[in-house]
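Q: Predicted model and sequence below, questions to follow.
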Amino acid sequence: MKVTIVGAGNVGATCADVISYRGIASEVVLLDIKEGFAEGKALDIMQCATNTGFNTKVSGVTNDYSKTANSHVVVVTSGIPRKPGMTREELIGINAGIVKSVVENVLKYSPEAIILMVSNPMDTMSYLALKSLGIPKNRLIGMGGALDSSRFRTYLSLALDRPVNDISAMVIGGHGDTTMIPLTRLASYNGIPVTQFLSEEVLEKVAADTMVGGATLTGLLGTSAWYAPGASVAYIVDSILNDQKKMIACSVYLEGEYGQNDICVGVPCIIGKNGVEEILEIDLNEKEKALFAKSADAVRVMNEALKTILA
Ligand SMILES: NC(=O)C1=CN([C@@H]2O[C@H](COP(=O)(O)OP(=O)(O)OC[C@H]3O[C@@H](n4cnc5c(N)ncnc54)[C@H](O)[C@@H]3O)[C@@H](O)[C@H]2O)C=CC1
Ligand SMILES: O=C([O-])CC(=O)C(=O)O
């Protein structure tokens, strides 16, 4: 199976690395506009093969979309990342134009591909890609909830001082500092609600830390994170290519689910060989429903901004 990753920067190269060493795809193509950059990253990753034991073929190209032909999955990481003090939403002016031209080129050579959107502001970039390409909605997946949920689980694990893989928890809503909704009420430690172990005050701090998880890392690193984002993309690609039907919170197009229409925002989905195979409508309480509606409103404001930016 072939995976193309557009943007060979921090996130794109990490995706290629994780997908390769875990043997998720047989072929990975990295594409970037910077001359020679994707070629260099691909060679470097390929030269890990003997010492980490994978056989994935990794290649890099400078802006030559013909080399991406017939990809099963295309991951879009092209665009600028934020700097400390910025929001993801501030990236829209530059990233909207990049994402639009990238996905149009991608589709020319891989008309059946499932597109995995990473570039920020991710919910709006997902909406932009879906609307400008007119592809079926099951083929457009925005990556945000997988990462936000892994951060939520990490902070819960630190608060509980228990192994992270014993913890189950999910973040839905927009992929923004103020739009994420960590579902604390439903988080569990081996099936036992975490509310039995952690005080309300601690849980509130865990939720707040999760929401600004990306901003915290941006402050520490000077640019946004890449290891966990790359691993989160690989997790979704694995579920698609190996038809694992994992339940993953992803930004997908809603038509009535959760009371929302004509928007891409994070909800629990079943991800398999057809991309988004099902949207799960879980029971939210009144407070969670109100947060979800507010989150969707904020994403909608960004979607509206596309009209002026791309005019
Ligand atoms: N959805 C999510 O959870 C996450 C989203 N992101 C977003 O992913 C994007 C990439 O982040 P990084 O990899 O850290 O940035 P980066 O700057 O390291 O890499 C971006 C790459 O895109 C390339 N690029 C720019 N325009 C292009 C075009 N037209 N065609 C092909 N390549 C092009 C650049 O040359 C650069 O190599 C950012 O928008 C960032 O905000 C980052 C982490 C998580
Ligand atoms: O924080 C950022 O700008 C990048 C991102 O989306 C994340 O790491 O969650």
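A: Perfect, thanks for sending it. Ligands and ions are numbered 1, 2, ... in the order given.
Q: When you work out contacts or count neighbours from here on, use the C-alpha atoms and nothing else.
A: Fine.
Q: so who does the spatially closest residue to Glu255 that is not a sequence neighbour touch?
A: Excluding the flanking residues, the one nearest Glu255 by CA to CA, 6 or more residues apart in numbering is Asn261, at 4.5 Å. Asn261 sits next to 253-255 when contact means CA atoms under 8 Å, 6 or more residues apart in numbering.
Q: Quick one: which of those is the most crowded by neighbours?
A: Ranked by the number of neighbours (other CA atoms under 10 Å), these place Tyr253 first, at 28 neighbours.
Q: Next, that one: secondary structure please.
A: Here Tyr253 is recorded as strand under DSSP: H, G, I helix; E, B strand; the rest coil.
Q: Specify the beta-bridge partners of it.
A: Under the criterion DSSP bridges, Tyr253 forms beta bridges with Cys264.
Q: Tally up the residues packed near whatever residue of the stretch 201-311 of the chain ends up closest to ligand 2, please.
A: When scored by CA to the nearest ligand atom, the stretch 201-311 of the chain has Gly214 as its residue closest to ligand 2, at 3.4 Å. Other residues within reach of Gly214, judged by other CA under 10 Å, total 24.
Q: how about stretch 285-304: buried residues?
A: 288, 291-297, 299-300, 302-303 (16 or more other CA atoms under 10 Å).
Q: just stretch 157-173 next, same as before
A: Under 16+ other CA under 10 Å, the buried positions of stretch 157-173 are 157, 160, 164, 167-173.
Q: near ligand 2, which residues of the stretch 51-200 of the chain show up?
A: Contact residues, the stretch 51-200 of the chain versus ligand 2 (CA under 6 Å from any ligand atom): 81-82, 88.
Q: please redo it, this time with the cut-off set to 8 Å
A: Residues of the stretch 51-200 of the chain lying near ligand 2 by CA under 8 Å from any ligand atom: 81-83, 87-88, 118-122, 144, 147-148, 175-176.
Q: Ligand 1: which of the buried residues of stretch 285-304 is nearest?
A: Using CA to the nearest ligand atom, the buried residues of stretch 285-304 come closest to ligand 1 at Val299, 13.9 Å.
Q: From Thr178, how far off is the closest one?
A: According to CA to CA, to the nearest Å, Val299 stands 11 Å off from Thr178.
Q: same check, this time on Asp44
A: Taking CA to CA, one finds Asp44 at 38 Å from Thr178.
Q: Lys57: how many residues sit nearby?
A: Neighbours around Lys57, by other CA under 10 Å: 18.
Q: Use 424 as the first number from now on
A: Renumbered: residue one is now 424, and that last one reads Lys480.
Q: Show the end-to-end separation of stretch 612-631, please.
A: Start to finish, the residues bounding stretch 612-631 are 19 Å apart (CA to CA).
Q: hmm, back to that, name the SS class of the residue of the stretch 624-734 of the chain closest to ligand 2, please.
A: Classified using three-state DSSP, Gly637 is helix.
Q: Surely it and Ser647 touch.
A: Yes: counting by CA atoms under 8 Å, Gly637 touches Ser647, with 6.7 Å between them.
Q: just so I have it, where are all the strands in this structure?
A: Ranges of strands within the chain are 425-429, 450-455, 480-485, 496-499, 537-540, 563-565, 590-591, 594-596, 603-605, 611-612, 615-616, 669-678, 684-695, 698-702, based on DSSP state E.
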